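starting from these lines, generate the structure:
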Amino acid sequence: MKENTQTEEPIKQRSSFSGKLGFVLAAAGASVGLGNIWRFPYLAAKYGGGIFLLVYLILVLTFGYAMIIAETALGRITRKAPVGAYTYYGKSGFFYFGGWLNAIIPIMIVSYYAVIGGWVIKYMYEYLFGHGHLLASDDYFTEFITGSSVEFWFLIFALITMVVIYMGVQNGIERVSKFMMPILVVLAVIVSIYSMTRKGAMAGVAYFLIPNPANFSWMTVVSAMQQMFYSLSIAMGILITFGSYMKDDVSIEQATTNVEIFDTGIAVLAGLMIIPAVFAFSGGDPDALQAGPSLMFITIPKVFDSMGFGTPAGIMFFVLVFFAALTSAIALTESAVSTFEDEFSWSRQKATIVTGVIVILLGTPSAMGYGVWANVKILGMQFLDFFDFITNSLMMPVAAVATCYLVTRVISLEAISVEVEKDGMPFKRKKIFNFMISYICPLFLTVILISSLASVFGFISI
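The predicted structure follows:
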């Protein structure tokens with residue numbers, strides 16, 4: 001391990017959150033994103049409703065808990081972004097590989113994530129100007145993403161993200177999270193109540209909340225694992241980076257519990273927003289929910305258009321989705337910016353500008369991939385789908401396995417325990433953490449990797 005004299009200066013100069021609330025809201029903002037709003041309800045509907053929700057909750061409290069603790073503790077021990085956190089313990093190929101893998105992932109994700117964020121801004125804009133009925137037409141979404149204006153909306157979302165990052169940790173990230181996350185919760189509750197009070201919606205509530213063992217399958221577990229992995233921002237470098245901003249007197253375990261509750265709560269609210277509404281719209285047909293990514297941009301506008309009070313509901317819904325998308329994009333970008341600051345001794349301003357340029361260069365093919373570049377494909381996939389496959393199905397499981405190895409074989413479980421207990425409180429779920437991070441997490445990650453590859457090559461359907 002490096003001597004303390006080598007790490008004193010970075011610790012003195014490093015930004016930090018003001019306290020536990022700042023970390024929790026920023027980390028929750030990272031977790032609460034587009035995956036919670038549209039992907040979670042879609043998967044819940046497809047893989048058994050209540051039984052999917054039950055499996056997901058179990059995984060969050062075990063697998064997700066262990067990975068959040070590990071990555072957050074790694075960040076606070078080293079006071080470094082992913083590359084520095086790994087190479088803090090050595091300069092071999094493994095440490096460089098693990099660190100840079102965790103650092104590259106968020107840059108690649110935010111490049112296409114900002115494209116979808118641009119779609120959200122476009123829909124929010126149209127609802128604000130009373131064009132909800134137009135959005136409900138059959139061809140609107142297809143015409144939009146195949147047109148040239150999609151690049152404009154992508155750039156708007158990317159610019160907003162970079163402005164927040166440019167402002168810094170406390171003045172930018174923490175301040176925006178403290179403002180947006182409470183509003184997001186309030187909007188989610190309002191839209192959920194509105195959705196659940198529609199005629200025929202209670203059948204959707206029952207399907208989503210009441211576990212039915214007859215609906216259980218192995219794919220319920222696999223899909224719940226994949227969703228939990230993506231939803232909690234594991235293996236994106238975010239939790240390592242945010243952990244490096246966490247003060248020593250803040251409880252890692254309590255903060256992790258709060259993030260779990262916040263993230264899961266929003267996922268459940270998303271299910272209550274979308275599933276009952278679509279049930280009411282479709283006459284109780286769960287298949288209507290299996291529109292996948294198009295659910296948010298095609299099915300939901302049709303649902304709102306068929307209801308009274310549809311335009312205000314659409315405004316609230318897409319403002320909520322915009323807040324969720326922006327907080328996640330901010331977290332992803334901050335991980336990349338922090339890496340550039342640490343590894344190249346750049347100022348935050350320079351690191352933000354360079355990251356912004358990279359995001360625009362990588363994101364433009366995803367923005368134009370359904371339009372003028374529709375004929376250009378990689379492994380049969382559009383640019384956005386390819387970047388999503390590379391990051392979520394390949395890079396993230398490998399990065400998470402590397403973190404498990406680093407924590408158990410290099411740092412040691414005892415050193416992690418000491419870090420978790422720095423606030424003076426006992427590590428309550430220590431035995432669960434040790435067992436999960438040593439045995440179950442690597443196994444689950446291998447299952448995710450294999451199942452994702454099998455799905456892409458047509459061996460299974462996820």
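
what about the helices in the stretch 1-150 of the chain?
Listed in chain order, the helices of the stretch 1-150 of the chain (DSSP state H, counting those that start in this stretch) span residues 8-13, 20-31, 34, 40-46, 50-59, 65-78, 82-87, 93-128, 132-135, 140-145, 149-166.

give me the below-cutoff pLDDT ranges for this protein.
Of all residues in the chain, those with pLDDT under 70 make up the ranges 1-32, 168-174, 284-293, 460-462.

re the thing from before, now render the helices of the stretch 1-150 of the chain as JSON lines, adding distance to Ile183 and mean neighbour count.
C-beta: built from backbone N, CA, C; applies to glycine. Compiled in JSON lines, the helices of the stretch 1-150 of the chain are given as follows (distance: least, Cβ to Cβ, whole Å; neighbours: other Cβ atoms under 10 Å):
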{"stretch": "helix 8-13", "distance to Ile183": "33", "mean neighbour count": "11"}
{"stretch": "helix 20-31", "distance to Ile183": "12", "mean neighbour count": "25"}
{"stretch": "helix 34", "distance to Ile183": "17", "mean neighbour count": "21"}
{"stretch": "helix 40-46", "distance to Ile183": "20", "mean neighbour count": "25"}
{"stretch": "helix 50-59", "distance to Ile183": "25", "mean neighbour count": "20"}
{"stretch": "helix 65-78", "distance to Ile183": "24", "mean neighbour count": "26"}
{"stretch": "helix 82-87", "distance to Ile183": "30", "mean neighbour count": "27"}
{"stretch": "helix 93-128", "distance to Ile183": "14", "mean neighbour count": "23"}
{"stretch": "helix 132-135", "distance to Ile183": "21", "mean neighbour count": "18"}
{"stretch": "helix 140-145", "distance to Ile183": "26", "mean neighbour count": "17"}
{"stretch": "helix 149-166", "distance to Ile183": "15", "mean neighbour count": "20"}
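
tell me which of those helices sits nearest to Gly380.
For the helices of the stretch 1-150 of the chain, proximity to Gly380 was assessed by Cβ to Cβ; helix 93-128 is nearest, at 16.9 Å.

figure out how far the strand or helix carrying Thr403 is from the centre of its chain.
When secondary structure is defined by DSSP states H and E, Thr403 falls within helix 396-405. Relative to the mean C-alpha coordinate of its chain, helix 396-405 is positioned 17 Å out (Cα atoms, centre = their mean, to the nearest Å).

could you list the buried residues of it?
Met396, Pro397, Val398, Ala399, Ala400, Val401, Ala402, Thr403, Cys404 (16 or more other Cβ atoms under 10 Å).

also stretch 444-453?
Taking 16+ other Cβ under 10 Å as the neighbour-count basis, stretch 444-453 is seen to contain the buried residues Phe444, Leu445, Val447, Ile448, Leu449, Ser451, Ser452.

wait, the third one touches Gln226, no?
No. Shown here, Val447 and Gln226 do not form a contact pair, counting by Cβ atoms under 8 Å, at 9.5 Å.

re the thing from before, same list (the helices of the stretch 1-150 of the chain) but as TSV, adding distance to Ile300.
Rendered in TSV, the data for the helices of the stretch 1-150 of the chain read as follows (distance: least, Cβ to Cβ, whole Å):
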stretch	distance to Ile300
helix 8-13	46
helix 20-31	22
helix 34	13
helix 40-46	10
helix 50-59	20
helix 65-78	30
helix 82-87	35
helix 93-128	9
helix 132-135	9
helix 140-145	11
helix 149-166	18
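
what's the closest of those helices to Asp248?
Nearest to Asp248 among the helices of the stretch 1-150 of the chain is helix 65-78; the distance by Cβ to Cβ comes to 7.4 Å.

that closest one relative to helix 396-405, how many degrees between them?
Helix 65-78 and helix 396-405 meet at an angle of 60 degrees, taking axes from the mean of the first three to the mean of the last three Cα atoms, to 10 degrees as the criterion.

how far is helix 65-78 from where the chain is centred?
Here the centre of helix 65-78 is set off from its chain's centre by 17 Å, with Cα atoms, centre = their mean.

for it, enumerate the helices and strands it packs against.
Helices and strands in packing contact with helix 65-78 are listed as helix 82-87, helix 238-244, helix 252-282, helix 396-405, helix 413-420, helix 430-435; criterion 3 or more Cβ pairs under 8 Å, 6 or more residues apart in numbering; DSSP states H and E.

what's the most buried one of these?
Comparing the helices and strands packed on helix 65-78 by mean neighbour count (mean count of other Cβ atoms under 10 Å), helix 238-244 comes out on top with a mean of 30.

and it, how far out from the chain middle?
Between the mean C-alpha point of helix 238-244 and the mean C-alpha point of its chain there is a distance of 14 Å (Cα atoms, centre = their mean).

that one packs against which elements?
In this structure, helix 238-244 packs against helix 20-31, helix 65-78, helix 82-87, helix 310-344, with contacts taken as 3+ Cβ pairs under 8 Å, 6+ apart.

10 Å - rerun?
Counting by 3 or more Cβ pairs under 10 Å, 6 or more residues apart in numbering; DSSP states H and E, the packing neighbours recorded for helix 238-244 are helix 20-31, helix 65-78, helix 82-87, helix 93-128, helix 252-282, helix 310-344.

so which of those helices is nearest Phe144?
Phe144 lies closest to helix 93-128 among these, at 6.6 Å (Cβ to Cβ).

what separates the closest one from the chain centre, distance-wise?
Going by Cα atoms, centre = their mean, the spacing between the C-alpha centre of helix 93-128 and its chain's C-alpha centre is 9 Å.

cool, and stretch 365-382?
Centroid separation between stretch 365-382 and its chain, computed with Cα atoms, centre = their mean, is 24 Å.
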